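> sequence first, predicted coordinates after that:
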Amino acid sequence: MAYSDKVVDHYNNPRNVGTLDKSSQEVGTGLVGAPECGDVMRLQIKVNPETQVIEEAKFKTFGCGSAIASSSLATEWIKGRTVEDAMAIKNTDIVKELALPPVKIHCSVLAEDAIRAAIGDWKKKNGVAENAPAAVESAK
Amino acid sequence: MLKIVDSAVPVACWSCSVARNASTLFCPNCSKIQPPATGDYFAVFGLQPRLNLDLDALEREFHRLSRRLHPDRFARASDSEKEWSLADTALLNDAYRTLKDPLKRTEYVLKLHGAEIGEEHSGNRQDPSRAPADLLEEVFELNMQLEEMRMARQMGDDDPEAAKSLSEAKRKFEGLLQEVDRDLRAQWTAWEEGGDAQRQTAQKQMVALLDRRRYLRNLVRDVTETLGD
């Protein structure tokens, strides 16, 4: 199986690899795994408390090229979006963008799960209900 | 997706027309070779589908059938028979490799019973219990350590302390791997001898154990690679 050019590009030049301060109030951390292959992925976001815009996104993935590319792309996409907008990203968008073959779809699922887990963690930290629209000390 | 073919449904032998079991590679009546079997891997060997498998019987049957399928025996056979002998040999080898390995056998049997295992079952939302958080944390941390050590090595800096803690981690994860394998075997018996409810529980447990095992297997592989032993 050959990787698409976009996967190879993200694999060779992964965007936003790194770590954010897990203990910071503004940082949400999502750690997820793909039991099918044993890959693990950590995605972190730093959210501006005023605007709820994701200002920073970092990831660290131990897994195959598709998993690395999926998480790299995910951080690119969520940066600059509001938390609610980021929730709208679907794994199928990632599949399309990276032209992932069927056996690698789970890598994109992992990236979507990681986004959701990171946002979920941030919401929990900031006392936002899981399903409620994110509104920390909402401006009236 | 694998399908379970009822091996009790007979098909007619192409040569002598006597009804035979669709899973056998040779006609029990006229002994002629048959096209590749349509049943499950166990039926190829005439064995009951069991997790606690009689490995001696499996090996005996494998060698016996391999001999019967040897190309020399088909030198003067028809083109169809020659073709079948090759296809049957490929099937026999796949079946043997799958069944003799305890993990592959477990995955195979669970798949026959509808468990969604493997990379093709990806789009489905996973049961969150399949990725226990504490295991993930541990796996992630060890991967970070491994990467640090690899980078230090590239800089020509070999830290004996790091190597020591990695060796310890490797032993620990190998131990966990063995634990998973023991737990799996315990579930085999529960699955085979229990009632419906027990069987379902055992199946779930086995799927979870196999998931856990993949994380651990990757770790042990990567630690071993980094330590270079």
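That came through, no problem.
> so what's A:P101 scoring on pLDDT?
Here the pLDDT value assigned to A:P101 is 90.
> quick check: the gap between it and A:S66.
Counting by Cβ to Cβ, to the nearest Å, the gap from A:P101 to A:S66 is 8 Å. Every C-beta, even on glycine, is put in place using the N, C-alpha and C of the backbone.
> which of these two has more neighbours?
Legend: neighbour count by other Cβ atoms under 10 Å in any protein chain shown for A:P101 and A:S66, higher for A:S66 (30 against 14).
> so the more buried one: helix, strand or coil?
helix (DSSP: H, G, I helix; E, B strand; the rest coil).
> quickly find the element holding the most centrally placed residue in chain A.
Closest to where the C-alpha atoms of chain A average out (Cα atoms, centre = their mean) is A:I115, at 3.4 Å. Element membership for A:I115, per DSSP states H and E: helix A:105-125.
> show me where the chain has helices.
No chain was given, so I picked chain A. Ranges of helices within chain A are A:5-12, A:65-78, A:83-87, A:91-98, A:105-125, based on DSSP state H.
> let me rephrase: I mean chain B.
With DSSP H as the criterion, chain B has helices at B:41-44, B:55-68, B:79-100, B:102-112, B:133-154, B:160-193, B:196-227.
> name the stretch among the ones you listed that sits most buried.
Ranked by mean neighbour count, those are led by helix B:41-44 with a mean of 22 (mean count of other Cβ atoms under 10 Å in any protein chain shown).
> packing partners of it?
If you count contacts as 3 or more Cβ pairs under 8 Å, 6 or more residues apart in numbering or on different chains; DSSP states H and E, helix B:41-44 packs onto helix B:79-100.
> now the helix it packs on and helix B:55-68, what's the angle there?
160 degrees (axes from the mean of the first three to the mean of the last three Cα atoms, to 10 degrees).
> give me the contacts around helix B:79-100.
The contact list for helix B:79-100 (Cβ atoms under 8 Å, 6 or more residues apart in numbering or on different chains) reads B:25, B:32-37, B:41-42, B:44-45, B:53, B:55, B:58-59, B:62, B:65-66, B:69, B:71, B:73-74, B:77, B:104-105, B:108.
> using CSV, write down the CA coordinates of that helix.
Only the C-alpha atoms of helix B:79-100 are listed here, as CSV (Å, rounded to 0.1, in the frame of the first residue of the first chain):
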residue,chain,number,x,y,z
ASP,B,79,-5.2,-29.4,-15.3
SER,B,80,-8.0,-28.7,-12.9
GLU,B,81,-6.6,-31.2,-10.3
LYS,B,82,-3.2,-29.6,-10.6
GLU,B,83,-4.7,-26.2,-10.0
TRP,B,84,-6.7,-27.4,-7.0
SER,B,85,-3.6,-29.0,-5.5
LEU,B,86,-1.9,-25.6,-5.5
ALA,B,87,-5.0,-23.8,-4.2
ASP,B,88,-5.6,-26.5,-1.5
THR,B,89,-2.0,-26.3,-0.4
ALA,B,90,-2.3,-22.5,0.0
LEU,B,91,-5.5,-22.9,2.0
LEU,B,92,-4.0,-25.7,4.1
ASN,B,93,-0.9,-23.6,5.0
ASP,B,94,-3.1,-20.5,5.9
ALA,B,95,-5.4,-22.7,8.0
TYR,B,96,-2.4,-24.3,9.8
ARG,B,97,-0.6,-21.1,10.5
THR,B,98,-3.8,-19.5,11.9
LEU,B,99,-4.8,-22.4,14.1
LYS,B,100,-1.5,-23.4,15.6
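> so, low pLDDT: which residues of chain B?
B:1-9, B:118-131, B:158, B:229 (pLDDT under 70).
> tell me the domain ranges of it?
Per the record, chain B has its domains at B:10-112, B:126-227, by automatic domain parsing.
> just the terminal-to-terminal distance for the first one.
Start and end residues of domain B:10-112 are separated by 20 Å (Cα to Cα, to the nearest Å).
> just give me the residue right at the centre of chain B.
The C-alpha lying nearest the average C-alpha coordinate of chain B belongs to B:K104 (Cα atoms, centre = their mean; 0.9 Å).
> grab the nearest non-local neighbour of it.
B:T98 (4.8 Å; Cβ to Cβ, 6 or more residues apart in numbering or on different chains).
> ok, B:G175 to chain A distance?
18 Å (Cβ to the nearest Cβ, to the nearest Å).
> please list all residues in contact with B:V180.
B:L209, B:R212, B:R213, B:L216.
> if we go to 6 Å?
B:L209, B:R212, B:R213 (Cβ atoms under 6 Å, 6 or more residues apart in numbering or on different chains).
> do you know how far the residue nearest to it when sequence neighbours are not counted is from A:G38?
Leaving aside its sequence neighbours, B:V180 sits nearest to B:R213 (Cβ to Cβ, 6+ apart; 4.8 Å). Distance check for B:R213 against A:G38: by Cβ to Cβ, it reads 8 Å.
> before we move on, what about B:C13?
Distance, B:C13 to A:G38, using Cβ to Cβ: 46 Å.
> same deal with B:Y215?
With Cβ to Cβ as the criterion, B:Y215 and A:G38 are 5 Å apart.
> ditto for B:V109
Separation of B:V109 from A:G38 (Cβ to Cβ) stands at 21 Å.
> done for today, thanks.
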